[in-house]
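A.B. asks: Make a model of this:
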Amino acid sequence: MGDDLEGGLVTRWGAAGAGDVKRIEAADWREWPPELSLFDDRDEAVRVAREKLVPEEGAGHVLRVQARDGEPTGVIVEEADWRGPVPDSEFAEGPELPKAWRSYLQSPSWLRRGWLSSGKYVWLYPPVEARQLLAIWETEGTHPGIALIGGDGGLENFVLDLRQDPAPVLLVSNASESWDDAVVQAADIEAFIARIEDGTFDLTWNA
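C.D. replies: Numbers count the residues shown, from 1 in each chain. The predicted structure follows:
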């Protein structure tokens, strides 16, 4: 159910397609399109975004709003952005990624970015974007075998060490100069994906 706030406000969630989000953004994230439904249950908004909007538009967004007497008020916040399958062409170049990661990115819907129920924000990258970011980061000499898969929206990055089989998911900062300061987040990509999907993923800071 929606969380009760002070002053009669209630937190509610909506599902919006790419076009709807452009209209909301043009209104400085303060006007809710009247034709879009609001839900008391966040899981219901996620279901609509993943099962209806992603197949129709290639993207489905879950948005959080505050409502009073059923009417949205205040700033609209993006909670999550789900995307459709990444094309085969994105995997044609670069290192061979674990099959489970490719399968996730080519599933009917995958989490591009958003808040998990654990309170952690994650931002995941398709292969082409990941390679472009790595080229800017210039990790070829400092982190051999690295594959970037995401980040926390700030200075921390989720990477794979492809020298190992299975490749663990590691946390490295933008300032990292070697594998020595990497911290294991998951033993393999399957465990990482499972915790993203069930919302329990959180950062581990100790090796």
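
A.B. asks: Compute the number of surrounding residues for residue 62.
C.D. replies: Neighbour count of residue 62, defined by other C-beta atoms under 10 Å: 27. Heads up, the C-betas are built off the backbone N, CA and C, glycines and all.

A.B. asks: ok, it - contacts?
C.D. replies: By C-beta atoms under 8 Å, 6 or more residues apart in numbering, the contact list for residue 62 reads 13-15, 42, 45-46, 49, 78-82, 114.

A.B. asks: go on, residue 32?
C.D. replies: Neighbouring residues of residue 32 by C-beta under 8 Å, 6+ apart: 14, 24, 38, 65, 72, 76.

A.B. asks: now the strands: where do they sit in this structure?
C.D. replies: 10-16, 38-39, 59-68, 71-83, 110-115, 121-124, 146-151, 156-161, 169-173, 183-186 (DSSP state E).

A.B. asks: Find the nearest non-adjacent residue to the residue nearest to the spatial centre of the chain, please.
C.D. replies: Centroid-nearest residue in the chain: residue 113, 2.2 Å away (criterion: C-alpha atoms, centre = their mean). Sequence neighbours aside, residue 123 is the residue nearest to residue 113 in space, at 4.2 Å (criterion: C-beta to C-beta, 6 or more residues apart in numbering).

A.B. asks: For residue 10, see how far away the one you found is.
C.D. replies: Distance of residue 123 to residue 10, computed by C-beta to C-beta, to the nearest Å: 28 Å.
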